[in-house]
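In: sharing a sequence plus its predicted fold:
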Amino acid sequence: MKRLLSILPLLLLLLPPTELAAKAVPPTSRQLAQSVAPIDDSQGHQFCTAWSVNRVRGLWVTAAHCLGNEGRIQGVVITPVMVDLMLDIAVVTGPHVQALVLAARAPQVNAPVLMIGYPFGFEQVVSNGKVKLLCQVIEGEGFKTLFAGLAVGPGNSGGPILVGGRVVSVLQLGWTYGGFFAGSCWLDMVRALQPFAE
């Protein structure tokens, strides 16, 4: 028995690395939801959604069109750090909470997505949908990725859209006709946010 225990470390070296590595478990929607919050005005009315992109620096992401009012995230007054009106993406200061992770690659058409937000000023809503079109030109709006099946309403703007627990898009536009909703293209989002992400 002692001999077996002494050669066990050597036997482990012979195994392929994938056998030794712990399998990454995607975060649950509850874990993800803790990194998403409403943006409130000075009277406490919710008007948009934001999500943490950097816990250490206290940085959050939202849609640029959400910055017209004085906003607060969990009671902390937000200050813009980066605003890209063409992409409709903004990085703002906020509380220091666990950050969401940007996806390493673009989603596939028909991939299941999870969207977290605060429609109509209600409590947080987590809904499921699918990627419908990748980076299509939307007249007057530029390149967008289209999603279907999400429970979206005013107040969801700026919320994260995730595949496998990683952010693939920032929600920006919604149409009731046909149930399609638009978010940023993955590559545009990553280029804009990578300097601010953990």
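Out: Here it is on my side, so go on. Numbers count the residues shown, from 1 in each chain.
In: in this protein, what secondary structure element scores lowest on mean pLDDT?
Out: Lowest on mean pLDDT, DSSP states H and E among the helices and strands of the chain sits helix 17-20, with a mean of 33.
In: after that one comes which helix or strand?
Out: Per DSSP states H and E, the first helix or strand lying C-terminal to helix 17-20 is helix 29-33.
In: run a quick neighbour tally on the closest residue to residue 144 other than its chain neighbours.
Out: Once flanking residues are discounted, residue 144 sits nearest to residue 182: 3.9 Å by CB to CB, 6 or more residues apart in numbering. (Glycine included, C-beta is placed from N, CA and C.) Around residue 182 there are 23 other residues, counting by other CB atoms under 10 Å.
In: dump the residue contacts of the residue nearest in space to the middle of the chain.
Out: Central residue of the chain (CA atoms, centre = their mean): residue 160, 3.0 Å from the mean position. Contacts for residue 160 (CB atoms under 8 Å, 6 or more residues apart in numbering) come out as 32, 36, 51, 61, 100, 115, 116, 167, 169, 170, 171.
In: in its sheet, what does the lengthiest strand in the chain sit against?
Out: The longest strand of the chain (DSSP state E) is strand 125-138. Counting by DSSP bridges, the strands paired with strand 125-138 are strand 112-117 (antiparallel), strand 142-148 (antiparallel).
In: can you flag the weakest of these by average pLDDT?
Out: Among these, strand 142-148 carries the lowest mean pLDDT, at a mean of 72.
In: how is this structure carved up into domains?
Out: The chain breaks down into these domains under automatic domain parsing: 29-93, 101-187.
In: worst average pLDDT in those domains?
Out: domain 101-187 (a mean of 82).
In: how about the strands of this protein, start to end?
Out: Counting by DSSP E, the strands of the chain are 36-40, 46-54, 59-62, 72-73, 76-77, 80-84, 89-93, 101-102, 112-117, 125-138, 142-148, 160-163, 166-174, 180-183.
In: pretty sure residue 42 sits against residue 72.
Out: Yes: with contact defined as CB atoms under 8 Å, residue 42 counts as touching residue 72 (7.4 Å).
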